[in-house]
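A.B. asks: sequence unavailable; structure follows:
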């Protein structure tokens, strides 16, 4: 494990994206920001190791650098953006900057985006909105990997929900969660260790729950259609799988539905852009009274929850966003942890594109 | 099982509420509506059997009939309502009628409500908004029964999420789900049958997962503080319990936080109203383009999902709201199913208050 300072890592990733991948300055700027912001919060699954995936998206024509998004519809409280197959983090920044501008005037605004690409950690965008004393929401669909209750074909993405609420004293409640039970990376860990994964994570090619991580890995990468992730609550209805599936479907409708975009099961089709769709919302605390008073009340509720009595053997009750904010603080001073395979990737990309690592 | 026609059942419940419980005409009207609308959709846990619970709330002073809600804050796109400990369904109708009026002018509106009471099925209110070509959201907190991840004290309610999206052809996508894994009624069934309940539903007084439904029932009603329901995803983080807990907490902040109201763990305190808080949102499809075109696109996505290939042994993939809409249709013509204990309750209340059952 290596530790790299924030600015140095961001600069390196920026250079790779600009010189190596042909991103525009702005595209490289926001993409490097989003990748580094994932690593610094200890979310390496969405960090600079994704450069590999971003590169493949270029090579396969799913994402096209140096592309300007276009506003295709707008009202005083809304905009619909066509990303024109450009770069997700830049399209998202473009959209949210305008969303916030509108919400500052009307106290609330909504934005749906079609034909975008992977936009980094969903929570970053929700948090960006929340810095304006607003509640921020950020949702996206993804490549299809999830199964409907009673289905066996991959139809929905991991379809994350991110909501940020300012809680006063510079803190933010930030819920950022895939609606699937787990991210695919967790299955990979069980496959590598040859351990059975818990029931409730995935189904096989017949749509039946499986604990065989190795067989599932083969199926997932070998078959484009069958077997996939379960949503929060697992298989069937006993532990609420229909609720998690409902949340995933809700995100699909808000993203792909409201933007007239592609649903997850129609993304990443050969010869087209990936077609990823997002949905953003911003609404001001001032809709409900004095923002300072509301933040204080929200902060007091969260404090009560955190200070509640702990279960046997537990030392701390977290509220959402705390772990990531604390990791960010620590890694900002100590350097951002980068594992060996990721460091090797950075070195090899730098060598390939003639970038000096400082 | 008895079957009673919609109008007859609503009239009977109206009479009990008005003559027996002292509700005003409007309070009795909307409360009987909400209870009957639950039974007709095959959601008896929220149906007329709740009259017992509603009566106890009056006797204990948690709810006060003949009470007018008050708008304590408003903007062109929002209102904050103080229910003044009145009757939940009337307070909710009062709030949503004004919410829709505002949203018709500004395309989106938000409403937070404090000092209300049980408002019936969350989904009814979301659906009411969706009939205006808007997306409707309806959330509420409840009496504390749920446990934070790593906690052992009941701090959050079942905190349901309801979202309604018009999908064209008179149909509505309607997600209406408690954020806890299951409603308490499901535990009762396992207790009665003396069967172990699944892991992931509840924890004991030490905050440790339990399958002992009978011991849990004793704890739940015998101890005001410890042991309680788990949120979607169950105990700990392995199957995503932190996500379900995050959703429950999000609903708490939107309801109690934005209304400056009572959090679930401060509701139902002796000598006060119950203090239940709600949150409603409405935003128009016209924010994103032509409503008819958007509904068609949403309907097409939902149709694709429903028509997807089924898992082994399964015959149908549902999207949310279908089961309830189909039950409503059937029960509207055949009569609403009312089980024996509920029918006995209706007869005994009618006898007590001198109401003739027709």
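C.D. replies: Right, received. Where do you want to start? Keep in mind that this is a model prediction, so the values were computed, not measured.
A.B. asks: contacts only, for the residue nearest to residue A:208 when sequence neighbours are not counted.
C.D. replies: In this structure, residue A:208 finds its nearest non-sequential neighbour in residue B:312, 5.8 Å apart by C-beta to C-beta, 6 or more residues apart in numbering or on different chains. For every residue, glycine as well, the C-beta is placed using N, CA and C. Residue B:312 sits next to A:152, A:206-208 when contact means C-beta atoms under 8 Å, 6 or more residues apart in numbering or on different chains.
A.B. asks: and those as JSON lines, adding neighbour count?
C.D. replies: Listed next are the contacts of residue B:312 as JSON lines, based on neighbours: other C-beta atoms under 10 Å in any protein chain shown:
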{"residue": "A:152", "neighbour count": "24"}
{"residue": "A:206", "neighbour count": "13"}
{"residue": "A:207", "neighbour count": "24"}
{"residue": "A:208", "neighbour count": "14"}
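A.B. asks: ok, so of the residues you listed, who is nearest residue B:20?
C.D. replies: residue A:207 (50.4 Å; C-beta to C-beta).
A.B. asks: report pLDDT for that closest one.
C.D. replies: We have a pLDDT of 96 for residue A:207.
A.B. asks: also residue A:108?
C.D. replies: pLDDT, read off for residue A:108, is 98.
A.B. asks: next, count neighbours for it.
C.D. replies: Look at residue A:108: counted by other C-beta atoms under 10 Å in any protein chain shown, it has 26 neighbours.
A.B. asks: list the contacts of it.
C.D. replies: Per C-beta under 8 Å, 6+ apart, neighbours of residue A:108: A:77, A:281-284, A:287, B:77, B:108, B:110, B:283.
A.B. asks: now the two most distant members of these.
C.D. replies: Among those, A:284 and B:283 lie farthest apart (C-beta to C-beta), at 14.3 Å.
A.B. asks: got the contact list for residue A:284?
C.D. replies: So residue A:284 contacts A:103, A:107-108, A:132-135, A:291 (C-beta under 8 Å, 6+ apart).
A.B. asks: swap the cut-off to 6 Å and go again
C.D. replies: A:107, A:134 (C-beta atoms under 6 Å, 6 or more residues apart in numbering or on different chains).
A.B. asks: and if you look at residue A:213?
C.D. replies: Per C-beta under 6 Å, 6+ apart, neighbours of residue A:213: A:187, A:190-191, A:197.
A.B. asks: who wins on neighbours among those?
C.D. replies: In those, the most neighbours by other C-beta under 10 Å go to residue A:197, 22 neighbours.
A.B. asks: isn't that one up against residue A:190?
C.D. replies: Yes - contact criterion C-beta atoms under 6 Å: residue A:197 and residue A:190 qualify, at 4.2 Å.
A.B. asks: spell out which parts of the stretch 151-300 of chain A neighbour chain B.
C.D. replies: A:151-153, A:155, A:163, A:165, A:175, A:177, A:181, A:198, A:200, A:206-208, A:232-233, A:238-240, A:243, A:246, A:250, A:253, A:257-258, A:260, A:263, A:283, A:287-289, A:297-298 (C-beta under 6 Å from any C-beta of the partner chain).
A.B. asks: okay, and which of those map to strands?
C.D. replies: Assigned to strands by DSSP state E, the following of those qualify: A:155, A:163, A:165, A:175, A:177, A:283.
A.B. asks: what's across from the last one in the sheet?
C.D. replies: According to DSSP bridges, the partner residues bridging residue A:283 are residue A:108, residue A:135.
A.B. asks: pLDDT wise, what is it at?
C.D. replies: 98.
A.B. asks: counting neighbours, what do you get for it?
C.D. replies: Neighbours of residue A:283 (other C-beta under 10 Å): 27.
A.B. asks: was I right about it contacting residue A:133?
C.D. replies: No - applying C-beta under 6 Å, one finds residue A:283 not in contact with residue A:133, separated by 10.4 Å.
A.B. asks: let me see the domain layout of chain A.
C.D. replies: A:67-178+A:242-306, A:184-229 (automatic domain parsing).
A.B. asks: residue B:349 is nearest to which of these?
C.D. replies: Going by C-beta to C-beta, the one of these nearest residue B:349 is domain A:67-178+A:242-306, 33.6 Å.
A.B. asks: need the distance between the two termini of that closest one.
C.D. replies: 45 Å (C-alpha to C-alpha, to the nearest Å).
A.B. asks: then stretch A:1-12?
C.D. replies: 18 Å.
A.B. asks: repeat that for stretch A:303-310.
C.D. replies: End-to-end for stretch A:303-310, by C-alpha to C-alpha: 14 Å.
A.B. asks: just to revisit the earlier point, tell me which of the domains of chain A sits most buried.
C.D. replies: Highest mean neighbour count among the domains of chain A (mean count of other C-beta atoms under 10 Å in any protein chain shown): domain A:67-178+A:242-306, with a mean of 23.
A.B. asks: ok now that domain, how far from the chain's centre?
C.D. replies: Remark: domain A:67-178+A:242-306 is offset 9 Å from the chain centroid, using C-alpha atoms, centre = their mean, to the nearest Å.
A.B. asks: before we move on, the earlier item: the contacts of residue A:213 into CSV, with extra columns for distance to residue B:272?
C.D. replies: Converted to CSV, those look like this (distance: C-beta to C-beta, whole Å):
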residue, distance to residue B:272
A:187, 49
A:190, 50
A:191, 54
A:197, 48
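A.B. asks: chain neighbours aside, what residue packs nearest to residue A:209?
C.D. replies: residue A:235 (4.2 Å).
A.B. asks: what about that neighbour, which SS state?
C.D. replies: Classification of residue A:235 by DSSP: H, G, I helix; E, B strand; the rest coil places it in coil.
A.B. asks: could I get the full set of helices for the stretch 201-350 of chain A?
C.D. replies: Ranges of helices within the stretch 201-350 of chain A are A:213-222, A:241-252, A:291-306, A:322-334, A:340-352, based on DSSP state H, counting those that start in this stretch.
A.B. asks: between helix B:241-252 and the fourth one, find me the angle.
C.D. replies: Angle between the axes of helix A:322-334 and helix B:241-252 is 110 degrees (criterion: axes from the mean of the first three to the mean of the last three C-alpha atoms, to 10 degrees).
A.B. asks: ok so, going back, in JSON lines: the contacts of residue A:213, plus pLDDT.
C.D. replies: Listed next are the contacts of residue A:213 as JSON lines, based on pLDDT from 0 to 100:
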{"residue": "A:187", "pLDDT": "92"}
{"residue": "A:190", "pLDDT": "94"}
{"residue": "A:191", "pLDDT": "93"}
{"residue": "A:197", "pLDDT": "96"}
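A.B. asks: filter those residues down to just the ones in helices.
C.D. replies: Applying DSSP state H to the contacts of residue A:213, the entries found in helices are A:187, A:190-191.
A.B. asks: which one of those residues is nearest to residue B:171?
C.D. replies: Of those, the one sitting nearest to residue B:171 (C-beta to C-beta) turns out to be residue A:187, at 35.3 Å.
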